[in-house]
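Visitor: Predicted coordinates and the sequence they were generated for:
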Amino acid sequence: MLITGRGISKGIGKGPLLVSPAPLSFLSGVDPETGVVVEKGHPLEGRSIAGMVLAFDFGKGSTVGSYVLYALARNGHAPAAIINTEAEPIVAVGAIIGGIPMIDRTGIPLLQLRSGVIASVNGDTGELVVEDSFADENDGS
């Protein structure tokens, strides 16, 4: 399925979707050395974002989060791409300086996407291509 949004950070990233039901802070929320979510109580706590197409509504926290995204990219543990409902400066700047493709404004609730399916994000055109875009209500996604 093809979904069109707005391109934020150029490039193409492909990988399994990882959908977060909660906003994400990169400063002290994600370990820049490993790419693992370390924020206590976060729904993705203990999960790695490395190589994933990371979908979450918006970021939260300090502007230093931009540099954490850059560090993740430099350390080889960045997400393959980022999808937000609405990009905000912290995540957008981090994606741009880290060379992480990013889109927003897809027009669908991100929680309808299913974690684990393969997705491709084109930050140049704002396109999201997913193999199986909508979660089955009974699968717990």
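Guide: Received the coordinates, thanks. Fair warning: this is a prediction, and the values are worked out from it, not measured in the lab.
Visitor: Can you list the buried residues in the lengthiest strand in the chain?
Guide: Counting residues, the longest strand in the chain under DSSP state E turns out to be strand 12-19. Under the neighbour-count criterion of 16 or more other Cβ atoms under 10 Å, strand 12-19 has 13, 15, 17-19 buried. C-beta here means a position set from N, CA and C on the backbone, and glycine is covered the same way.
Visitor: ditto for stretch 18-28
Guide: Counting neighbours by 16+ other Cβ under 10 Å, stretch 18-28 gives 18-20, 23-27 as buried.
Visitor: Next: stretch 47-66.
Guide: 48-57, 59-61, 65-66.
Visitor: that older thread, I'd like the buried residues of strand 12-19 laid out as JSON lines, including distance to Pro43 and pLDDT.
Guide: Below are the buried residues of strand 12-19 laid out as JSON lines (distance: Cβ to Cβ, whole Å; pLDDT from 0 to 100):
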{"residue": "Gly13", "distance to Pro43": "22", "pLDDT": "98"}
{"residue": "Gly15", "distance to Pro43": "19", "pLDDT": "98"}
{"residue": "Leu17", "distance to Pro43": "14", "pLDDT": "98"}
{"residue": "Leu18", "distance to Pro43": "11", "pLDDT": "98"}
{"residue": "Val19", "distance to Pro43": "9", "pLDDT": "98"}
